[in-house]
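model this:
(one chain, ligands or ions: 1)
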Amino acid sequence: MSRELEQTQRNLKSSEEESHHRLLELEVLYRTASVGLGFLDHELRYVRLNEALAGINGLPVEAHIGRHASEINPELAQIFVPMMEQVLASKQPLLNVEITSAPPCERTWIVNFHPVTNARTFGVSVVFQDITVLKETEDLSTRFGRIVRSSDDAIISITLDGAITSWNPAAEAMFGYPAQEVMGKAISVLATSRNANELSDILGRLQAQQLAEGLPQGERVESVCRRKDGHYIDVLLTVSPIYDRHERLIGASEIVRDITQQKRAQAALLRTNEELRQFAFAAAHDLQEPLRNIGLHAQILDSQHKQNTEADEQVESIIESARRMQTLIRDLLEYTEAVDIHGAQGESIDCNEVCQTALGNLAFAVSDCAAEVSVAPLPTVVAEHAHFIQLFQNLIGNALKYRAKGRHPQIYVSAEQRDGHWVFSVKDNGIGIAPEYHDRIFGVFKRLHGRDVPGTGIGLAICKRIVDHHGGRLWLESEVGGGSTFYFSFPDC
Ligand code: ADP
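Numbering: from 1, shown residues only. The predicted model follows:
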């Protein structure tokens, strides 16, 4: 054999080996690819396919071979068989077609169809790429974008240096700057001279928190911003951290709510409340003086004209009315003082101890009607000591006062935690209250009883003011004849 022939044979062998090697590589790639790959003949029967495509159809690879596409996955085939027919007829590829399977397991693919024509085969190759997650992310960001655009709150994002990177329409309306004017500018454009460093301080804290504890939480503060026209607005600012894919802090989003009207209304309410409080206090004080005089003179008349029975009765009635009015005024004063809780500093108080003090004050009434009072372990809350005694005393006092005839009063005081609050309850087995009066009895001087039961109807009104002031709620459950349970909630702090 000539040397040349030998060399040619060697070259041929080596290129055969090379091709074999390439084919093996391609085979591995084909089998392990995460995209679905397959080849169907001109009758649209599966010839070859990889695991990923078999997975899309939900059948093993072997179950496909020789079978028509519409036998394998009729629902999906209904969409792509016409496309393959088109490719076969036109011998032109059909690229980047988006196909979505029907719910409930909705998935989306980008599919490419290529005609394959050579001497031996005529068919179509398909490539399925699953883009479901991509689509979901896209949908989410479209939805999120819509929310941001239609929000009434200004939503702004900034870099860690405070440069503005997004600015929604509400921000344009709130601050008077169009987006193109502020994008890339420093957020300090909204700051006033007094809070110039507020946001950079918050960003600094977020960064420090991330270094110390991992993922920072963000902050919510009331602040003041300056509009483009120079006016100031009161705002509630919620600053939240923005992270990249690697959970690295890269900026912050600011949700800004205009609370100017709310702040004005609050200030007006405070002023009105203060005026009312002063008015009630002065009225109650000033009324006492003439009332004392009426009582005094009526008593003098009474002692001087004892013989005239008719006059006696009228004078007696004047004295009684004056006494009652004095009691009402005293209670009104007590109510205004209970309302006057501005100055009252909350302190940590042990409710077990406070409840015992209230029971001590009611000791006579308790023993007088042989009441059985049990108190479950109570928590410690932050409140004003005197107010808490008053709460327990008024509620337990009522439970004793409104006892049912022929039944020893049984009273149970307890507390339980619910949704960040302590809910206290005072339960009795007394006369009960019809549901239609459940709201009414909390009003000033509102009572369901005549003079035969002592009282002016101020006790529950005082309780309500105290509980309201601490951000809690006072309510009851009761039926006539079935006893009552009064509840009041108190923030657990
Ligand atoms: P007062 O006891 O001075 O009338 P309150 O404001 O304490 O005033 O109570 C208002 C009214 O609610 C009472 O007149 C009474 O009719 C009703 N009430 C309060 N507590 C109870 C109770 N535990 N059981 C039945 N009725 C009650």
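
state the distance from the residue positioned nearest the centre of the chain to the ligand.
With distances taken as C-alpha atoms, centre = their mean, residue 419 lies nearest the centre of the chain, 12.1 Å away. Distance, residue 419 to the ligand, by C-beta to the nearest ligand atom, to the nearest Å: 26 Å. All C-beta atoms are positioned from the backbone trio N, CA, C, and that covers glycine.

likewise residue 282?
Applying C-beta to the nearest ligand atom, the value for residue 282 to the ligand is 24 Å.

tell me how far the helix or strand hosting that residue lies from the chain's centre.
Residue 282 is located in helix 260-304, with elements delineated by DSSP states H and E. Here helix 260-304 is found 41 Å from its chain centre; the criterion is C-alpha atoms, centre = their mean, to the nearest Å.

give me the buried stretch members for the very next helix or strand once past that helix, please.
The first helix or strand that comes after helix 260-304 along the chain, using DSSP H and E, is helix 309-339. Buried residues in helix 309-339, counted by 16 or more other C-beta atoms under 10 Å: 315, 318-319, 322, 326, 328-329, 331-336, 338-339.

and what of stretch 469-476?
For stretch 469-476, the neighbour count (16+ other C-beta under 10 Å) marks 469, 470, 472, 474, 476 as buried.

would you pull up how far stretch 126-144 lies from the middle of the chain?
Counting by C-alpha atoms, centre = their mean, stretch 126-144 is centred 30 Å from the centre of its parent chain.

what comes up buried for it?
126, 127, 128, 129, 130, 131, 135.

hey, C-alpha coordinates of that stretch in CSV?
Output in CSV follows, covering the C-alpha atoms of stretch 126-144 (Å, rounded to 0.1, in the frame of the first residue of the first chain):
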residue,chain,number,x,y,z
VAL,A,126,-39.6,21.1,17.6
VAL,A,127,-37.9,23.0,20.4
PHE,A,128,-40.0,23.8,23.5
GLN,A,129,-38.7,26.3,26.1
ASP,A,130,-40.6,26.7,29.3
ILE,A,131,-41.0,30.4,30.1
THR,A,132,-43.8,30.0,32.7
VAL,A,133,-41.7,31.6,35.6
LEU,A,134,-40.5,34.4,33.3
LYS,A,135,-44.2,35.0,32.3
GLU,A,136,-45.3,35.0,35.9
THR,A,137,-42.6,37.5,36.9
GLU,A,138,-43.6,39.6,33.9
ASP,A,139,-47.2,39.5,34.9
LEU,A,140,-46.4,40.3,38.5
SER,A,141,-44.3,43.3,37.5
THR,A,142,-47.1,44.5,35.1
ARG,A,143,-49.6,44.1,37.9
PHE,A,144,-47.3,45.8,40.4
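
which other residues reach that stretch?
34-40, 52-53, 56, 80, 84, 98, 106-114 (C-beta atoms under 8 Å, 6 or more residues apart in numbering).

so which of the residues you listed are in strands?
With DSSP state E as the criterion, strands contain 36-40, 98, 108-114 from among the contacts of stretch 126-144.

wait, doesn't residue 92 sit right on residue 115?
Yes. Between residue 92 and residue 115 a contact is recorded at 6.9 Å, counting by C-beta atoms under 8 Å.

more crowded one of these two?
residue 115 (19 against 12; other C-beta atoms under 10 Å).

bridging residues for the more buried one?
residue 124 (DSSP bridges).

where does the stretch 301-450 of the chain have low pLDDT?
305-308, 339-346 (pLDDT under 70).

and it, which residues reach the ligand?
Within the stretch 301-450 of the chain, the residues that sit near the ligand (C-beta under 6 Å from any ligand atom) are 394, 398, 399, 402, 428, 430, 431, 433, 441, 447, 448, 449.

show me what contacts the fourth one?
For residue 402, the contacting residues are 428, 430, 431, 453, 484, by C-beta under 8 Å, 6+ apart.

that older thread, out of the ones in strands among the contacts of stretch 126-144, which are close to the ligand?
Restricting the ones in strands among the contacts of stretch 126-144 to those touching the ligand (C-beta under 6 Å from any ligand atom) yields no residues.
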